[in-house]
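J.: make a model of this:
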Amino acid sequence: MTAIEPPQIPRKPYSFRPDRRPRNCLTWPRPHLKHVGEKRPRAARTKRETGMRWLASVLATAALLAGTGTPTQGIDAFWPQRPIRLIVPFPAGASTDVIARVIGQKLSQQLGQQIVIENRAGASGNIGADAVAKAPPDGYTIGIATASTHAVAASLNASLPYDPIKDFAPVGMLGSQPYVLVLHPALPARNVAELIALARARPGTLNYGSAGVASLAHLATALFANMTRVDIVHVPYKSSAQSATDMITGRLDMQFATIAPSLAHIRTGQLRALAVSGKTRVAVLPEIPTVAESGIPGYEAALWASLVAPAATPTAILARLNRAVNEILNSSDGTQALFAQGMTPEAGPPEALTQRIRIDIEKWRDVAAKAGIRPE
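T.: Model (predicted):
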């Protein structure tokens with residue numbers, strides 16, 4: 001049998017082209033490179049050169065974005081993608097905690113992500129504040145900052161584990177809440193003027209309570225005593241709840257108390273309200289004058305609450321948080337929720353919070369120095 005040969009396919013004659021690498025050829029002549037400045041063909045580029053060209057392209061794109069002022073726009077445009085932790089530096093049920101939960105619920109609706117409240121109480125709020133300062137600055141940890149954690153603590157404690165200005169990025173103020181000056185009803189004074197007269201007639205006899213030495217309520221009362229030139233005795237407690245109990249039972253004569261937990265006792269006559277410590281009257285006690293209106297011009301002492309993030313949190317995230325918070329504070333629901341806690345909403349830019357912290361640090365440092373108050 002004769003073998004059948006496959007048909008012969010004519011081949012084209014091979015012609016060498018210096019700009020094209022032959023197939024299956026490990027080495028090849030490069031006569032075109034003998035001329036200086038002549039471009040190497042694309043097929044001859046090494047992997048290292050290709051990688052370098054890609055890196056240069058990425059760097060050029062980044063530089064272009066930086067020049068247009070949107071370096072983080074692409075990264076932060078999808079924030080938030082998971083729940084956000086809101087650290088409250090006081091225990092559950094405290095006035096600040098109630099306010100944080102109101103804001104957190106509405107902030108969750110604004111951002112479309114769950115806001116998880118985490119109470120980190122202790123050391124007058126310093127433990128929770130320190131946790132915020134040391135959290136990753138990725139926009140997924142924010143915290144409540146107050147006059148106690150960021151002004152009083154910094155004015156008296158040189159060994160504070162955080163810097164209230166440098167270690168935080170301000171989001172914005174939430175609101176301010178004055179104290180209410182209350183007396184036990186057994187005392188005969190019916191207004192601030194009568195209280196001052198009574199204290200001057202009994203120097204070193206009337207006492208007052210607070211949540212501890214160098215607490216904001218302690219400083220607020222020390223400021224009152226200094227401006228009215230009265231001698232009253234401080235009785236420190238571990239918490240404001242304990243001092244409130246002793247006010248009702250008559251162990252204490254007077255106190256600058258938090259408004260929200262005192263309202264029921266004022267309305268039932270267990271406590272007598274004389275004045276509020278802020279610049280203006282409050283909606284829940286409209287008939288009660290301010291201390292300044294009662295004959296002590298210039299007196300002011302207020303709790304305030306704000307929202308902060310760790311330093312170096314991207315500015316785009318901070319701006320979005322500030323817009324969301326301001327929308328809440330300017331809404332009727334948000335306003336009424338804060339009014340119910342005795343707090344006046346204070347929407348505004350982040351810079352207003354930084355300025356408030358600086359002013360209060362100097363104010364309370366001066367009050368403490370004049371009264372000889374030192375933290376324990």
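
J.: looking at strand pairing, list the partners for the residue nearest the centre of the chain.
T.: Nearest to the geometric centre of the chain sits Val308, at 1.7 Å (Cα atoms, centre = their mean). Val308 has the following beta-bridge partners by DSSP bridges: Gly143, Pro170.

J.: ok, for Ser108, nearest residue in space, not its chain neighbours?
T.: Ile115 (4.5 Å; Cβ to Cβ, 6 or more residues apart in numbering). Every residue, glycine included, has its C-beta placed from N, CA and C.

J.: that neighbour and Gln105: what is the separation?
T.: Using Cβ to Cβ, to the nearest Å, Ile115 is found at 7 Å from Gln105.

J.: wait, isn't the residue nearest to the centre of the chain in contact with Thr141?
T.: No. Look at Val308 against Thr141 with Cβ atoms under 8 Å: they stay out of range, at 10.1 Å.

J.: show me what contacts Ala131?
T.: Contact partners of Ala131, counting by Cβ atoms under 8 Å, 6 or more residues apart in numbering, are Ile87, Pro89, Arg120, Gly143.

J.: next one: Gly128
T.: Here Gly128 is in contact with Ile87, Val88, Pro89, Phe90, Asn119, Arg120, Ala121, Gly122, Gly143, Ile144, Thr149 (Cβ under 8 Å, 6+ apart).

J.: show me where the stretch 201-350 of the chain has its strands.
T.: 207-210, 233-236, 254-258, 272-276, 302-310, 344-345 (DSSP state E, counting those that start in this stretch).

J.: hmm, who's touching the last one?
T.: In other words, strand 344-345. 174-177, 278, 280, 282-283, 329-330, 334-335, 338.

J.: what's the residue nearest to Ser108 sitting at in phi/psi?
T.: Backbone torsions of Ile115, given as degrees, to the nearest 10, read phi -100, psi 120.

J.: for it, list each beta-bridge partner.
T.: Ile84.

J.: give me the pLDDT value at it.
T.: Reading off the confidence values, Ile115 has pLDDT 98.

J.: what's the spacing between Ala301 and His218?
T.: 11 Å.

J.: kindly apply the preceding question to Ser240 instead.
T.: Taking Cβ to Cβ, one finds Ser240 at 11 Å from His218.

J.: please identify every residue contacting each of these two.
T.: Ser210, Ala211.

J.: the closest residue in space to Ala292 that isn't next to it in sequence: neighbouring residues, count only.
T.: Residue nearest to Ala292 in three dimensions, not counting chain neighbours: Tyr299, with 5.2 Å by Cβ to Cβ, 6+ apart. Using other Cβ atoms under 10 Å, Tyr299 has 22 neighbouring residues.

J.: hang on, Tyr299 packs against Lys279?
T.: No. Between Tyr299 and Lys279 there is no contact under Cβ under 8 Å: 9.6 Å.

J.: joint contacts of the two?
T.: Thr290, Ala292.

J.: stretch 135-147: end-to-end distance?
T.: 21 Å (Cα to Cα, to the nearest Å).

J.: what of stretch 270-286?
T.: Distance across stretch 270-286, first residue to last, is 19 Å (Cα to Cα).

J.: so for it, what gets flagged as buried?
T.: 270-278, 281-282, 284-285 (16 or more other Cβ atoms under 10 Å).

J.: with adjacent residues omitted, what lies nearest to Asp138?
T.: Using Cβ to Cβ, 6+ apart and skipping residues adjacent in sequence, the residue nearest Asp138 is Thr313, 7.4 Å away.

J.: measure the one you found to Pro350 for me?
T.: For Thr313, the distance to Pro350 equals 11 Å [Cβ to Cβ].

J.: just Phe90 next, same as before
T.: For Phe90, the distance to Pro350 - Cβ to Cβ - is 22 Å.

J.: and what of Lys166?
T.: Distance from Lys166 to Pro350, by Cβ to Cβ: 15 Å.

J.: what segments of this protein are helices?
T.: Remark: helices assigned in the chain by DSSP state H are 47-67, 73-76, 95-111, 126-133, 147, 153-156, 192-201, 216-228, 240-249, 259-267, 315-330, 332-339, 350-371.
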